[in-house]
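>>> Task: produce atomic coordinates for the following.
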Amino acid sequence: MIHASRHTLIANVVQQFCAAALLLYLPNILSKADYAQVVFVAVLLSFIGFADAGFSMAYGRVVPSLLAQNRHDEVKIWDSTTLRFGLIFSALYSLIIAIIYYHRYDNLTHAILLVPMPFVVFWFSFHISRFSAGGNF
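Numbers count the residues shown, from 1 in each chain. Alright, predicted model coming up:
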C-alpha cells in the first residue's frame, strides 16, 4: 500500500515540513504588519478550493472509477472540462482576491503580484489530482 501511494505520502510530508518551517521562521524575520499581510494572503488563497465550486473534488472521485473501467474517452472529457472550468474560475477568483487585498492594504503592486497565485495553485492541484486519480491504489 505504501509503495502505491508513495508520491502522495512524500508530497504530504514535504508540505507539512515546509508549513512547519515557515510557521517557525517567518514570524522571526518579519514585522507584525508584514506577517499579518502574509497570513491575510494565505487565508485568501486557502479559499481557492471554493473557486471551482467543488468541481475538482468531484474529479478526484469520478475519474479513478472511470479509469478502472477503461473509459479513457470520458476521462479526457473530465480532464479538459476540469482544467478549463478551473482556469476560468481561477481568473475570476484572482480578480476578487486582488481587489480584496488592494482594498485592505492599498498596495497596487502587491495586488497585481497576487493575481497569478490562484492560477499557479490550481494548476499544480489539478495535475496532482490527475496523477493521483491515475495512481495504483
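>>> Flag the helix or strand of this protein with the lowest per-element mean pLDDT.
helix 48-51 (a mean of 75; mean pLDDT, DSSP states H and E).
>>> Who are the packing partners of that helix?
In this structure, helix 48-51 packs against helix 72-105, helix 117-133, with contacts taken as 3 or more C-beta pairs under 8 Å, 6 or more residues apart in numbering; DSSP states H and E. For every residue, glycine as well, the C-beta is placed using N, CA and C.
>>> Check the gap between the most centrally placed residue in the chain and V41 for me.
Against the mean C-alpha coordinate of the chain, by C-alpha atoms, centre = their mean, the closest residue is V121 at 3.6 Å. For V121, the distance to V41 equals 12 Å [C-beta to C-beta, to the nearest Å].
>>> What does the pLDDT read for S125?
S125 carries a pLDDT value of 83.
>>> In space, what's closest to it - neighbours in sequence excluded?
Spatially, and ignoring its direct neighbours in sequence, S125 is nearest to S56 (6.7 Å; C-beta to C-beta, 6 or more residues apart in numbering).
>>> right, and the one you found touches F89 too?
No - in this structure, S56 is not within contact of F89 by C-beta atoms under 8 Å, at 10.0 Å.
>>> how close does the residue nearest to S125 sit to I100?
22 Å.
>>> Between those two, point out the one with more neighbours.
Set side by side, S56 and I100 show more neighbours around S56, with 21 against 14, by other C-beta atoms under 10 Å.
>>> ok, that one - contacts?
Applying C-beta atoms under 8 Å, 6 or more residues apart in numbering to S56 gives the contacts G49, T82, G86, F122, S125, F126, S129.
>>> Where does the prediction get shaky in this structure?
1-5, 136-137 (pLDDT under 70).
>>> one more time with 90, if that's ok
Residue ranges of the chain with pLDDT under 90: 1-15, 18-28, 30, 35-36, 38-39, 42-68, 81-82, 85-87, 90-91, 117-137.
>>> Look at N70 and give its secondary structure.
Assigned by DSSP: H, G, I helix; E, B strand; the rest coil, the conformation of N70 is coil.
>>> how near is it to T82?
20 Å.
>>> and if you look at M117?
19 Å.
>>> Looking only at neighbour counts, state which of these two leads.
T82 (22 against 18).
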